[in-house]
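**Student:** Everything below, folded, please.
(chains A and B)
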There are 2 protein chains.
Amino acid sequence: MATSGVSIAEELRTALDGPWRAVRERARALLDDDRLYGDPSLDLKAARARVLEQMRLVATFDWVDSGFRHPDGTPGDAGAVVTALETLAYTDLSLWVKSGVQWGLFGGAVENLGTERHRKYLDELIPLRLLGCFAMTETGHGSDVANLETTATYDPATREFLVHSPTPSARKDYIGGAAEHARMAAVFAQLITGGESKGVHCFLVPIRDEAGGDLPGVTTYDCGYKGGLPGVDNGRIMFDQVRIPRENLLNRYADVAEDGAYSSDIENPSRRFFTTLGTLVRGRVSVGGAAAASARVALSIAVRYAEQRRQFADPDTGQETVLLDYRSHQRRLLPLVARSYALAFAQNDLVRRMHLVQTGQDTDPRAQRALENRAAGLKVAQTRFATAAIQECREACGGAGYLTENRLVTLKADTDVFTTFEGDNVVLTQLVAKDLLTAYADEVRDLDALGWVRFASTMARDVVRERSGVRQMIQRLRDRADDTVDEGDLSRRSLQLQLLADREDYMVRTAAHRLRARAKETGPFEAFNNAQDHILAAGSAHIDRLVLEAFIDGIAGIEDPDARALADTVCDLFVYSTIEQNQAWYIMHRFMSVERAKSVRRGVNELVDRLRPQALTLIEGLGVPEGVLRAAMLD
Amino acid sequence: MATSGVSIAEELRTALDGPWRAVRERARALLDDDRLYGDPSLDLKAARARVLEQMRLVATFDWVDSGFRHPDGTPGDAGAVVTALETLAYTDLSLWVKSGVQWGLFGGAVENLGTERHRKYLDELIPLRLLGCFAMTETGHGSDVANLETTATYDPATREFLVHSPTPSARKDYIGGAAEHARMAAVFAQLITGGESKGVHCFLVPIRDEAGGDLPGVTTYDCGYKGGLPGVDNGRIMFDQVRIPRENLLNRYADVAEDGAYSSDIENPSRRFFTTLGTLVRGRVSVGGAAAASARVALSIAVRYAEQRRQFADPDTGQETVLLDYRSHQRRLLPLVARSYALAFAQNDLVRRMHLVQTGQDTDPRAQRALENRAAGLKVAQTRFATAAIQECREACGGAGYLTENRLVTLKADTDVFTTFEGDNVVLTQLVAKDLLTAYADEVRDLDALGWVRFASTMARDVVRERSGVRQMIQRLRDRADDTVDEGDLSRRSLQLQLLADREDYMVRTAAHRLRARAKETGPFEAFNNAQDHILAAGSAHIDRLVLEAFIDGIAGIEDPDARALADTVCDLFVYSTIEQNQAWYIMHRFMSVERAKSVRRGVNELVDRLRPQALTLIEGLGVPEGVLRAAMLD
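**Tutor:** A predicted model of the protein is given here:
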């Protein structure tokens, strides 16, 4: 049993490691290094300096170079670099965030929005000779990027742009790196030329001199203490008519000629805007991945602790009971472990899709859009999960869980902002749902809110399901048996997927109906706002279904029958607990009888019972090596 | 409307201020003082020193003296001191915790477990000339206090006790004050005399000399960094045969004579143990109150921010929309505001009951036991609420919410351990449910687990309800109309209370049934463990019902008709959102039709719509003065 447990854990780990298994294996070895962990006793200044040193160490891992386009034009290994950097979440999330800002956001903007004339910056930023920041969010506008207030006005006389913060709310805010280390900012601003605004574009703006002082016209501020991430120097920037060369416009999708003439291959301004933002999808993919990785660390700690900590004697034996033998403790932790498996498979799938698009192997014109949507949805699912799961782990470890030496509180504090940055979760869920409601119709992004509501309310839902391919998957799975939703065996994958897909479909269809009914009576804002809770629920239902599909696909890749059987049980627990969370909906909408709903609840209990003896195997399968856990209470 | 809004807010505040309104009013004036707030830039040592200085300031408020028994024997004003100290949660939770340790736990142990010979310590500890700590929890035993391992063995030769930590897990752990400031510890240990163990008793053990060094045989350790509460010096203590005079036993309920003879007025050892612990109920009352107060601060900040922050233009008007005008934002925050009202009324009721018991005005022998249960239940409800509500507030404020200058992350970090200390929430919920299942039968506490399961499984549920008085209340409320649960008007208070009471009753009855069915087949642990999720749910249902009763009673005390009408709507939202959270249960157990459940969901939307214009009035009614909010983003 013990040997078999180990080999099953290895099989599971291999499956969860996904397409970039070698990268993960190498990372696991590299990360057991004291230099990569945080030190809670450092003050802000020292914590930031330490993280910068850690980045220099990471730069020696050769993870980053290979992720950027090579000088000969061949694309970088996008999947490998995202996977490698994700593992930094096992050690210190400040390091992960600051690395993501430098190489992912700042470097990504230069690479994806810039052209050959900006290549020189990549050569400097990759080895950290040039430290940068990503100045998109402003005090007044975060989610609403299209309405940023910072301006970049072209002056043909000097062939320069003047970057300016016209109001206090135009101040760039929460910008990682802006408080201390960044010398240059990728600034998102309204491009104005010839007196006309051309919408948001990205500009490279030097902000500090070599000595670290603000350059003329630039004023930086320190955001100071935050809920976590002490090693990240978040700051604010105000620009007072700062002059930058014309060439500092990142001109992949639009350019301004010396005389001020504006040109772009993408005529539609809205489409240009979304194309610009779309290239930054890697950030969202990465945030979701790091959130899920953090939750895996927390669960690894909490489950191991629950296997060693005893409290209250069992009267049957006189022995004190191990925490994980309590039903309530199993119910607290094991469904989270199951969801952790589901999300790991979903993240692997997402990274693979991203890699295919970004390396030019997937040339379907709809692939980029679909990728953005999936990345948004999984970012929501994973960051929401991390927030809830780490909190549960902290509480499940009692007083010990509150001590910094056991890491859970730091994981909680550091990941807390993940539900907010790279897209607020509510706004992103809405984005996902809107695209569902309009079946990704290309013209919709260009519509204003009024147009959008009108469009959504006339869509048929069938387009959605057809395109998603879920029907084929259900059909394929169903070959095994002839289930109906009402009577069928709930342990059948086909039926499980059908239940999740039915919920999504119904919600999308009825949200559209609700919009239509309202739009006739009220303005579009009222119509939308009235249905907002419904729209958000539709988005969440969609994400659940995508995650289950990824889980099913992931299991199909496991060859060892024992490991596969265990993964199947974990998948059941994921499905049962997901349905249990939504059981009111299923009953109220007649997708499930009361008796069946009761059997779901019993099913969760049976499944945690069945999985309990394999808890440690499951944790080992999650792939967080013991050497990185570093929780004092685990001896 | 504006004038009326202000006066309605005042009426609500008066109602929520409760019996010790004058205390709250004075506190609100005292707390607008920079010296009482934390400073995130301090290191641990400086943060602890600062909090000690703050305590010296609080000592000048004359809050504490009056809470202790007067030298002439008249009881202190228990309600006033708990209410006053609770307000410290508005400023700095480290200050609140450290004050609670010194005056509440350490002082409370001396007062309630000691006798006249310990009066001298009170005279020293009240004005902070003697700093103490409360050394109950050990590394190996937290919730299971009866099985603490520390021993205090009487030596008649020297008339001393030898206090000793026999194993590493006997180490006192997480003890506030033990790392630096405490000179004396109230130590809970197994009393051994004449070779016989007499169970857990409390002893005063000097641990540090004047210079702050550990006394001989005592070794203290620093728990270091925690998830929050940086100003509290939590530590660990090991005792190596430390000798203390016989008189240092706190001998209110048991004593050891010079010759080692043990005596107690309470013959039953189990009852003696529970009597000892029962005197410490004020701690639980206080934790719940401080948790709810912290949530009020967070909600005051988040709702005010949601009233000023705009994002995305409304296409109907072109104006950017205030966050609180979004349905999703209303649904995030307003049900929490409603629950905050409910819990404030429930806390006032609890403090009043505690005051009557502790000042000898309520002499019903069952009152103490009922108080302990209510305190446990409300501690759970309030700390669980604080954790969820502050988290929601943080997320609802986006990036700004993550900055320490806006306080939400500090409130979250500091209160996070509240679900754990003074009784882990899972363990306490179980305690509440166990007493429900056995209808508070006195003999049950003395039973072992086997006996308990047998007893619980034979109880009829009717005793519970008869005793709780809920039936009378429903009857009284129902006089207004002839509702039936199925068809009646859900806005009727009688029906709402009936729904919550039905859920509680049904769960208690069926939990007993489930225990009985299982106990025949398996051992008591298996029987209990199999029903644990059910038992916990019964406890939670009970707490919800108590809170609603307190809300109803609280509203009855509001005279102004407009304020009362508003409070009635808030109560409706509390009930509807509570039922919505449990709607699956109501449908599955045929207490509610599907149609009615749908109307509950619509009802929540209608209620948040209706309350939205009054949001600021409601926040002002919560009684957290603007001067203590101190969030930089609120201008």
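**Student:** got the residue ranges for the strands in chain A?
**Tutor:** In chain order, chain A shows strands spanning A:132-135, A:151-155, A:160-164, A:172-176, A:184-193, A:196-206, A:218-222, A:234-239, A:242-245, A:255-256, A:262-263, A:310-313, A:320-322, with DSSP state E as the criterion.
**Student:** Which of those strands sits closest to B:L629?
**Tutor:** Using C-beta to C-beta as the criterion, the shortest distance between B:L629 and these is 20.4 Å, found for strand A:172-176. In short, each C-beta sits where N, CA and C put it, glycine included.
**Student:** name the helices or strands packed onto the closest one?
**Tutor:** Under the contact criterion of 3 or more C-beta pairs under 8 Å, 6 or more residues apart in numbering or on different chains; DSSP states H and E, the helices and strands touching strand A:172-176 comprise strand A:132-135, strand A:184-193, strand A:234-239.
**Student:** ok, 6 Å please
**Tutor:** strand A:132-135, strand A:234-239 (3 or more C-beta pairs under 6 Å, 6 or more residues apart in numbering or on different chains; DSSP states H and E).
**Student:** Any idea which of those gets closest to chain B?
**Tutor:** For these, the distance to chain B is smallest for strand A:234-239, at 8.2 Å, taking C-beta to the nearest C-beta.
**Student:** Around chain B, which positions in the stretch 451-600 of chain A sit nearby?
**Tutor:** Residues of the stretch 451-600 of chain A that fall close to chain B, judged by C-beta under 6 Å from any C-beta of the partner chain: A:G523, A:P524, A:F525, A:N529, A:Q532, A:D533, A:Q583, A:A584, A:I587, A:M588, A:V594, A:A597.
**Student:** can we see that at 8 Å?
**Tutor:** Applying the criterion C-beta under 8 Å from any C-beta of the partner chain, the portion of the stretch 451-600 of chain A that neighbours chain B consists of A:523-526, A:529-530, A:532-533, A:536, A:583-584, A:587-588, A:590, A:594, A:597-598.
**Student:** Which entries within these meet the buried criterion?
**Tutor:** For these, a burial check counting by 16 or more other C-beta atoms under 10 Å in any protein chain shown picks out A:523-526, A:529-530, A:532-533, A:536, A:583-584, A:587-588, A:597.
**Student:** re earlier: please produce JSON lines containing the helices and strands packed on strand A:172-176, extended by distance to A:E124.
**Tutor:** Below are the helices and strands packed on strand A:172-176 laid out as JSON lines (distance: least, C-beta to C-beta, whole Å):
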{"stretch": "strand A:132-135", "distance to A:E124": "9"}
{"stretch": "strand A:234-239", "distance to A:E124": "20"}
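**Student:** Of those strands, flag the one that's most buried.
**Tutor:** Sort those by mean neighbour count, taking mean count of other C-beta atoms under 10 Å in any protein chain shown, and strand A:132-135 sits at the top with a mean of 30.
**Student:** The residue lying closest to A:L280 once chain neighbours are set aside: what's it in contact with?
**Tutor:** Leaving aside its chain neighbours, A:L280 sits nearest to A:G108 (6.2 Å; criterion: C-beta to C-beta, 6 or more residues apart in numbering or on different chains). Taking C-beta atoms under 8 Å, 6 or more residues apart in numbering or on different chains as the contact definition, A:G108 lies against A:T279, A:L280, A:R282, A:G283.
**Student:** How much space separates A:S264 from A:R271?
**Tutor:** According to C-beta to C-beta, to the nearest Å, A:S264 stands 10 Å off from A:R271.
**Student:** Correction: the previous question concerned A:A146.
**Tutor:** 12 Å.
**Student:** Repeat that for A:L403.
**Tutor:** A:L403 sits 52 Å away from A:R271, taking C-beta to C-beta as the criterion.
**Student:** Give the residue from the two that has the larger number of neighbours.
**Tutor:** Between A:L403 and A:R271, counted using other C-beta atoms under 10 Å in any protein chain shown, the more crowded position is A:L403 (23 against 17).
**Student:** per-residue confidence for that one?
**Tutor:** Per-residue pLDDT puts A:L403 at 98.
**Student:** now A:P71
**Tutor:** What the model reports as pLDDT for A:P71 is 86.
**Student:** Chain neighbours aside, what residue packs nearest to the residue of the stretch 151-300 of chain A found nearest chain B?
**Tutor:** When you check the stretch 151-300 of chain A against chain B by C-beta to the nearest C-beta, the closest residue turns out to be A:G227, at 3.1 Å. Residue nearest to A:G227 in three dimensions, not counting chain neighbours: B:V409, with 3.1 Å by C-beta to C-beta, 6+ apart.
**Student:** Any idea how many residues pack against that neighbour?
**Tutor:** Residues near B:V409, counting by other C-beta under 10 Å, number 25.
**Student:** List the residues that contact it.
**Tutor:** Contacts for B:V409 were tallied using C-beta under 8 Å, 6+ apart; they are A:K226, A:G227, A:G228, A:A413, A:D416, B:R394, B:G401, B:Y402, B:L403.
**Student:** Show me which of these are buried.
**Tutor:** By the neighbour-count criterion of 16+ other C-beta under 10 Å, these include these buried positions: A:K226, A:G227, A:G228, A:A413, A:D416, B:R394, B:G401, B:Y402, B:L403.
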